[in-house]
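Engineer: Give me the fold of what follows.
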Amino acid sequence: MDNINDKQLRAHILAEALPYIQDYNGKVVVVKYGGNAMINEELKNSVMRDIVLLNLIGVKVVLVHGGGPEISEMLKKTGKESKFIDGLRYTDKETAEIVRMVLAGKINKSLVDRIEHFGGRSIGLCGMDGHMMKCEMQDEKLGYVGKIVHIDAKVITDALALGYIPVISTVGYDDDGNIYNVNADTAAAVIAGALSAQSLILMTDTKGVLRDKDDESSLISKIYVSDIPSLIKQGIISGGMIPKIDCCKEAIRRGVKKVFIIDGRVSHSILVETLSDSGIGTMFINGD
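Structural biologist: Numbering: from 1, shown residues only. Sure, this is the predicted structure:
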């Protein structure tokens, strides 16, 4: 049984969360779900509980997901080799069909089911539904890897208006009936902008942006967009983090108020970042 100190601590935590709940009530929060939190069952349940809780306190949560490891696994089963160019999956027509099957089918519906299991109302969508995510080839050498040229968010806003938690897989289309594999970070940034989201949360397998990549205590808790070029020049933002930061910058440019990079390996990291004084990741905002 809980003792009085435990109950007081819980009450204190709830009281601390009140201004954040008020700030986010009725607002849109887009969560890009990926990394270890998609693989580890305990973390997966933690994320889904967080999303349901936010929804119940009046936050309009939109979950955007990829699923690279499962795509690779399915390609292996079908005898196709995964091929990467500049860190992006080469996607021919057959691979694009497999991407759609895995992302819009298996992964998407399993996430919907898990949210429902924890008491949420969820609906699974992909970028082809409602002609949400129109694409063109990002680069011919990558095949059907999509660059989003138009976003129609009506199917998302309709779902939110009915109280659903939209779960969106990043599969795009074009007018010729082609299927496109779209980078999930990029799609989340564009969707967040189209929804005028209060915040975009990118779940990763890192604590955030570190001043020293080998020292986790060197986390930079807040970065202004105007500081990004200097941080790249200093080598603080480098390698695979650069495209992720570009997505943060793009989301802010499209009108998203705040973008967070958080550690998805930490249980309930979404709640800690959105509903507490402390926060645990790196926040990007506009200004100097």
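Engineer: need the contact list for the closest residue to Gly66 other than its chain neighbours.
Structural biologist: With sequence-adjacent residues excluded and distances taken as Cβ to Cβ, 6 or more residues apart in numbering, Gly66 is closest to Ala184, at 3.4 Å. For every residue, glycine as well, the C-beta is placed using N, CA and C. Going by Cβ atoms under 8 Å, 6 or more residues apart in numbering, Ala184 touches Lys32, Gly34, Val64, His65, Gly66, Thr170.
Engineer: Just the pLDDT at the last one, thanks.
Structural biologist: Okay, so that is Thr170. We note a pLDDT of 96 for Thr170 in this prediction.
Engineer: Asn108 looks like it's in a strand, true?
Structural biologist: No: the assignment for Asn108 (DSSP: H, G, I helix; E, B strand; the rest coil) gives helix, which keeps it out of a strand.
Engineer: contacting residues around it?
Structural biologist: His65, Gly124, Leu125, Cys126, Val167, Ile168, Ser169.
Engineer: circling back: out of the contacts of Ala184, who's nearest Gly240?
Structural biologist: Proximity to Gly240 was ranked across the contacts of Ala184 by Cβ to Cβ; first place goes to Gly34, at 12.8 Å.
Engineer: Could I get the full set of helices for the stretch 151-288 of the chain?
Structural biologist: Under the criterion DSSP state H, counting those that start in this stretch, the stretch 151-288 of the chain carries helices at the ranges 154-161, 184-194, 228-233, 241-253, 269-275.
Engineer: packing partners for the last one?
Structural biologist: The elements that helix 269-275 packs onto, with contact taken as 3 or more Cβ pairs under 8 Å, 6 or more residues apart in numbering; DSSP states H and E, are helix 4-24, helix 41-56, strand 199-204, strand 258-263.
Engineer: try 10 Å
Structural biologist: With contacts defined as 3 or more Cβ pairs under 10 Å, 6 or more residues apart in numbering; DSSP states H and E, the packing partners of helix 269-275 are helix 4-24, strand 28-33, helix 41-56, strand 199-204, strand 258-263.
Engineer: how far does that helix sit from the chain's center?
Structural biologist: Relative to the centre of its chain, helix 269-275 is centred 14 Å away, using Cα atoms, centre = their mean, to the nearest Å.
Engineer: Please apply the same query to the shortest one.
Structural biologist: Distance of helix 228-233 from its chain centroid, counting by Cα atoms, centre = their mean, is 23 Å.
Engineer: One more: stretch 234-250?
Structural biologist: Taking Cα atoms, centre = their mean, one finds the center of stretch 234-250 at 16 Å from the center of the full chain.
Engineer: Pull out the buried positions in it.
Structural biologist: Of the residues in stretch 234-250, Ile236, Ile237, Met241, Lys244, Ile245, Asp246, Cys247, Cys248, Lys249, Glu250 count as buried by neighbour count, 16 or more other Cβ atoms under 10 Å.
Engineer: Thanks again, I'm all set now.
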